[in-house]
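Enquirer: When you get a sec, could you give me coordinates for this:
(one chain, ligands or ions: 3)
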Amino acid sequence: MTNHFGDVTKHSKMMIIFGANTAVANPIGFKHLLQAKDRNNAKLVVVDPVFTKTAVHADEYVRIRPGTDIALVYGMLHLIFKNGWEDKELIKTRTYGVEEIKAEAAKWTPEVVEDVTGVPAAQLEKITRMLATIKPATLFWALGITQHSVGSSNTRILAILQLVLGNIGKPGAGTNIIRGHDNVQGATDMGCLADTLPAYYGLDDNAWNHFSNVWNVEREYLNSRFYSKEWMHEKGFSLAKWWQGVLHEEKTYSNSPIRVLWVQGTGITSMAHTVKIQEALKKLDMIVIAEPFVNEVAVLADRPDGIYIIPASTQFETEGYVTATNRAMQWRSQVVKPIYESKEDQEIMFAFAKKFGFYKEYTRGMKMELKDHKLVQTRDDSDDNFVWPDDATREMSNGLLSIGLRGISAERLRKHQQNWEHFDPDTQRGLGGEVKGEYYGLPWPCWDKQHPGTSIMWNTDIPYEEGGMGFRNRFGLEHDGHSQLADDSFTPKGCKVKGGYPQITKENIEKVFNIKLSDKEKELMGASWSTDISGIILEKCREKSACCLGNARARMKVWEFADPIPLHREPIHSPRWDLVKKYPTWGDQEKNFRVESKFISEQQKTDWSKEFPTIISSMRLVNLSGAGMLERTSKYLAAITPEMFANVHPELALKYGINDGDMMWIHSPQGTKIKVKCVHNHSVTPDRICLPYNFAGIMQGVDLSYNYPEGTKPYTIGESSNTVTNYGFDINTQISEFNAGLCRLEKA
Ligand SMILES: Nc1nc2c(c(=O)[nH]1)N[C@H]1C(S)=C(S)[C@@H](COP(=O)(O)OP(=O)(O)OC[C@H]3O[C@@H](n4cnc5c(=O)[nH]c(N)nc54)[C@H](O)[C@@H]3O)O[C@H]1N2
Ligand SMILES: Nc1nc2c(c(=O)[nH]1)N[C@H]1C(S)=C(S)[C@@H](COP(=O)(O)OP(=O)(O)OC[C@H]3O[C@@H](n4cnc5c(=O)[nH]c(N)nc54)[C@H](O)[C@@H]3O)O[C@H]1N2
Ligand SMILES: [Mo]
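Expert: Ligands and ions are numbered 1, 2, ... in the order given. The predicted structure is shown next:
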């Protein structure tokens with residue numbers, strides 16, 4: 001999120017949601033949108049293929065065909081440029097690449113958009129006028145946007161839309177991506193990703209060297225943890241296709257198949273292709289599950305041995321901070337000590353590290369402190385020489401400069417927890433006492449210990465010391481002969497460097513800031529702001545009221561991507577064969593993370609829609625979460641949705657002779673099937689169905705009840721919708737195409 005929910009309540013006059021069912025998935029967050037309607041008379045537009053509980057509250061509901069948002073947004077941009085509604089000043093002085101966007105938008109007349117997306121031309125005109133003329137306007141998105149083969153292009157076109165309209169860096173505006181799980185923002189920040197080290201540092205030598213410093217372990221030692229040094233720079237297997245690392249059916253880049261799976265905090269049946277997952281689970285030598293609950297991985301595996309379940313305690317039994325959807329950190333206290341024989345997650349990991357002989361190196365980062373601009377080890381390597389979670393929080397502050405965590409500490413975050421009542425709920429600013437002027441939870445970037453946190457990203461109307469910043473300069477100073485820095489006419493408020501300037505490095509700091517470094521400073525300073533552990537660069541930035549990220553142009557064109565500007569491409573399995581030819585997907589990817597990924601060969605193999613005429617997409621249930629194992633063990637939550645089902649328009653269902661409440665088979669193009677209850681429902685049109693993904697325990701009609709250890713079977717089990725999720729992955733992130741695929745119904 002660039003902004004936050006309180007800001008929406010206070011400032012937004014216009015809200016547009018693409019592909020999020022916030023009323024169900026974030027009921028508390030959604031309350032803020034309803035308040036904005038009440039308090040600011042804000043208008044709400046909801047773009048969704050399904051008439052959801054969120055859409056019920058919309059002033060305008062836009063029913064879009066799944067996977068066609070890029071076409072719709074180009075249609076909006078077409079009208080924006082035609083009517084001169086764009087923010088000309090911002091575009092001219094602070095962005096790059098608009099000409100290509102304009103050229104693409106010119107092709108998307110309302111008639112073409114209507115044909116591709118199903119959205120009537122008159123409605124396109126209406127919502128574009130609303131978004132372009134009511135200010136400030138904020139934009140939300142979630143999984144309806146990301147879970148597509150074009151997911152990353154989808155997210156980019158929405159950011160471009162807000163840039164073109166000047167709805168960025170301002171109260172009530174922004175691009176607000178609503179995150180999912182509790183602390184999912186924190187999990188990605190901490191590096192639970194297959195392609196980066198913590199805080200998005202990447203995997204190159206600079207990144208490894210940085211962490212070798214932060215953790216005080218020799219670079220050689222880090223190298224030695226890998227089969228060979230080259231593997232340090234390779235992306236890992238992603239959660240979406242890890243099973244290919246076991247099965248090696250598609251081309252796979254690893255020197256041996258995966259033999260052991262360690263699962264800690266994911267339900268597995270929540271991932272696409274559960275039949276493949278099941279095959280992989282059977283083939284592994286060993287599976288370890290560290291969980292408060294049994295987790296249906298153990299059930300799906302359908303194997304007599306080689307499964308170990310380690311009892312992990314829940315979040316109520318541990319202490320530390322989590323990061324919310326708006327980048328704010330919340331300190332949480334331990335409510336009870338871990339019960340029975342369960343252990344906190346970090347204790348399980350410490351035990352693992354001890355067993356495998358790297359405990360000393362694993363915990364040393366927590367013993368490092370900054371003294372006179374130098375990171376020094378202040379306690380020896382003996383076992384219990386650190387305080388959890390305080391020292392872990394300091395380790396993050398020492399090292400995770402790329403997202404601006406230098407300003408955080410256990411002490412500061414605890415203070416926020418203890419002073420809730422002193423924060424304004426709308427602006428999230430501390431009104432008095434110890435937290436005066438700070439933003440609740442120190443939303444990152446929180447550059448240094450005096451910084452209040454960044455409430456609204458890219459806000460240039462407030463000075464750096466109050467959370468202001470210009471756009472980041474990250475991709476060089478020039479591209480195709482065009483400067484990537486902001487125009488000289490534009491200076492963020494209070495900044496002592498006039499006009500555009502680059503991100504701050506040791507090499508350019510003297511010139512950009514017009515200062516002279518002492519020899520000592522030169523000796524201590526790291527190469528750039530993100531690796532300068534000494535913090536001297538950040539000190540100089542504070543003196544100049546200048547953000548270390550620079551003052552640059554937001555680029556609309558990502559020249560190193562397969563599509564430098566977002567382009568509409570039909571889903572891998574599209575219901576429109578005529579459009580597949582016109583808007584084909586990408587060529588097959590020989591190496592995507594560690595496996596090949598099929599695109600065009602799968603899309604154009606055959607007209608899939610002949611045999612599989614119905615679109616399939618996902619939804620969430622308010623009573624169940626994720627793979628659902630946790631809530632389905634609650635009698636009361638389970639009773640709300642006692643069995644797995646799919647919403648089907650009566651007209652479609654009756655075509656197959658399926659009555660309301662009948663069981664039916666759903667068949668997928670890859671030859672898998674699930675048996676679920678048919679619920680006649682008018683939220684969907686006759687060309688599409690939607691189904692929850694929160695069930696497991698039945699596979700292709702086979703009840704796996706016998707696999708649950710005694711007394712652990714939840715109150716309800718059912719087919720996992722991911723058994724029929726279609727093949728298809730985003731080209732950059734490898735997220736599965738959960739939200740656009742095809743299927744065929746059959747009466748059971
Ligand atoms: N009760 C409950 N709450 C949850 C969760 C849960 O499992 N249960 N999960 C949490 C998690 S992990 C997450 S990530 C969030 C997710 O939160 P949301 O993304 O809001 O949840 P979904 O229900 O998947 O909503 C996605 C919407 O996108 C629509 N959609 C599908 N395809 C398209 C498309 O091509 N274009 C557009 N414009 N829309 C499309 C779908 O119809 C659906 O209404 O929810 C979180 N909250
Ligand atoms: N078809 C379809 N599939 C989807 C989606 C969709 O929309 N449609 N959404 C996708 C999205 S956005 C997400 S985020 C995933 C979610 O899917 P999962 O990541 O599988 O989500 P959960 O079921 O919440 O799994 C979390 C597991 O962690 C356990 N757990 C809870 N607390 C703790 C703890 O403190 N420690 C440990 N060790 N374990 C704990 C829970 O018991 C649970 O089994 O599903 C994805 N899959
Ligand atoms: Mo999620």
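Enquirer: Measure how buried the residue lying closest to residue 476 once chain neighbours are set aside is and give me the count.
Expert: Leaving aside its chain neighbours, residue 476 sits nearest to residue 484 (6.0 Å; criterion: Cβ to Cβ, 6 or more residues apart in numbering). Bear in mind the C-beta positions are built from the backbone N, C-alpha and C, glycine included. A count of nearby residues for residue 484, using other Cβ atoms under 10 Å, gives 20.
Enquirer: How about the one 5 residues further on?
Expert: Other residues near residue 489 come to 11 when the count uses other Cβ under 10 Å.
Enquirer: Tell me the confidence at it?
Expert: Note for residue 489: predicted pLDDT of 97.
Enquirer: next one: residue 325
Expert: At residue 325, pLDDT is 95.
Enquirer: What distance do you get for the residue nearest to residue 476 to ligand 1?
Expert: 31 Å (Cβ to the nearest ligand atom, to the nearest Å).
Enquirer: Residue 743 now?
Expert: 14 Å.
Enquirer: domain ranges for the chain?
Expert: Following automatic domain parsing, the chain resolves into domains at 5-177, 184-318+338-377, 463-568, 608-747.
Enquirer: so which of those gets nearest residue 428?
Expert: Closest to residue 428 of the domains of the chain, according to Cβ to Cβ: domain 5-177, at 5.3 Å.
Enquirer: anything in that closest one sitting right up against ligand 1?
Expert: Yes: applying Cβ under 6 Å from any ligand atom, one finds domain 5-177 touching ligand 1 at 18-22, 24-26, 47-50, 52, 64, 66-67, 69, 142-144.
Enquirer: my guess is residue 731 contacts residue 599, does it?
Expert: Yes: contact between residue 731 and residue 599 holds when scored by Cβ atoms under 8 Å: they sit 7.2 Å apart.
Enquirer: any idea which element the closest residue to ligand 2 within the stretch 351-500 of the chain lies in?
Expert: The nearest approach of the stretch 351-500 of the chain to ligand 2 comes at residue 352, 12.6 Å away (Cβ to the nearest ligand atom). Under the criterion of DSSP states H and E, residue 352 resides in helix 345-355.
Enquirer: From the contact counts, what lies against the very next helix or strand once past that helix?
Expert: Downstream of helix 345-355, the first helix or strand assigned by DSSP H and E is helix 359-363. For helix 359-363, the elements it packs on are helix 345-355, judged by 3 or more Cβ pairs under 8 Å, 6 or more residues apart in numbering; DSSP states H and E.
Enquirer: is it true that the residue nearest to residue 476 touches residue 551?
Expert: No: counting by Cβ under 8 Å, residue 484 does not reach residue 551; the two are 10.8 Å apart.
Enquirer: where do the contact lists of these two overlap?
Expert: Listed as contacting both residue 484 and residue 551 by Cβ atoms under 8 Å, 6 or more residues apart in numbering are residue 473.
Enquirer: Can you pick out the ones from the residues of domain 5-177 next to ligand 1 that are in helices?
Expert: Cross-referencing the residues of domain 5-177 next to ligand 1 against helices under DSSP state H gives 22, 24-25, 69, 143-144.
Enquirer: Now do the contacts for residue 436.
Expert: 422, 430.
Enquirer: switch the cut-off to 6 Å
Expert: Contact partners of residue 436, counting by Cβ atoms under 6 Å, 6 or more residues apart in numbering, are residue 430.
Enquirer: before we move on, the earlier item: report the buried residues of the helix holding residue 352.
Expert: 345, 348-350, 352 (16 or more other Cβ atoms under 10 Å).
Enquirer: Okay, the closest residue to ligand 2 within the chain and residue 267: tell me how far apart.
Expert: Nearest to ligand 2, among the residues of the chain, is residue 626, at 2.4 Å (Cβ to the nearest ligand atom). Per Cβ to Cβ, to the nearest Å, residue 626 is found 5 Å from residue 267.
Enquirer: and what of residue 329?
Expert: For residue 329 relative to residue 267 (Cβ to Cβ), the value is 26 Å.
Enquirer: of the two, who's got more company?
Expert: The neighbour count for residue 329 versus residue 267, taken as other Cβ under 10 Å, is higher for residue 329 (28 against 23).
Enquirer: Looking at strand pairing, list the partners for that one.
Expert: With DSSP bridges as the criterion, residue 329 is bridged to residue 323.
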